[in-house]
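quick one: sequence and predicted model below, then my questions.
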Amino acid sequence: MNMLQRASRALNRAVERLLMLIGAAICVILFAQVVFRYAGNSLGWSEEVSRHLLVAITFLGGTVAYKRASFIGLQGLGHRFGPAFQRGVVVLLQGLTLACFGLIAWFGAGYTLKAAEHTSASLQIPMSIPYAVIPLSALVFIVHVLADMTAPPPQDRR
């Protein structure tokens, strides 16, 4: 296993832990909101925080799904034409995936910088803070794709 693959695994473990923490935080915040609303005093910030955390779960969860190969695959595309063709299709798809996440990282970073001028409604924090998950998750995707591209073919893995 090369350094990039080890980095990808470590990054994935860190993101999985972060996802658990974010999920727990959403549960606690929403439970507190229900309790406070029942008591007659609503938490004005809870819905906004929960919404931003849910967006973070969506983007970061996508990186974990990619790493676990939980997305719908194109397994049957190259089987009829042999392993060399199948490997070519995989390399092409990995290249396109890398380009896609590179664009998302690039434009997401620009969008995040532009969002610094705006503040959120109830927390009054720069919107660049919640938007930063877009380029960050794209960078995590890029690490995972590069690790996959440098990995040996499945039949050679031990």
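That came through, no problem.

can you list the buried residues in stretch 38-54?
L43, S46, E48, V49, S50, H52, L53 (16 or more other Cβ atoms under 10 Å). Yep, even glycine has a C-beta here, placed from its N, CA and C like the rest.

now name the helix or strand holding the fourth one.
Read that as V49. V49 is located in helix 46-67, with elements delineated by DSSP states H and E.

what's next to that helix, contact-wise?
Here helix 46-67 makes contact (Cβ atoms under 8 Å, 6 or more residues apart in numbering) with 8, 12, 15-16, 18-19, 22-23, 25-26, 29-30, 32-33, 71, 120-123, 130, 133-134, 136-137, 140-141, 144-145.

just give me the closest of the buried residues of stretch 38-54 to F107.
Nearest to F107 among the buried residues of stretch 38-54, counting by Cβ to Cβ, is H52 at 19.6 Å.

could you check how far the closest one is from I26?
Per Cβ to Cβ, to the nearest Å, H52 is found 10 Å from I26.

tell me what the longest helix along the chain is packed against?
Across the chain, the longest stretch assigned as helix under DSSP state H is helix 3-38. The contact analysis (3 or more Cβ pairs under 8 Å, 6 or more residues apart in numbering; DSSP states H and E) places helix 3-38 against helix 46-67, helix 133-150.

which stretches of the chain have low pLDDT?
Applying pLDDT under 70 to the chain flags residues 70-79, 154-158.

just the buried subset of the contacts of helix 46-67, please.
Buried by 16+ other Cβ under 10 Å: 8, 12, 15-16, 19, 22, 26, 29, 33, 120, 130, 133-134, 136-137, 140-141, 144-145, out of these.

count the residues that sit near A116.
Neighbours of A116 under the rule other Cβ atoms under 10 Å: 13.

for L18, see how far away the closest residue in space to E16 that isn't next to it in sequence is.
Spatial nearest neighbour of E16, excluding adjacent residues (Cβ to Cβ, 6 or more residues apart in numbering): V64 at 5.7 Å. Distance, V64 to L18, by Cβ to Cβ: 10 Å.
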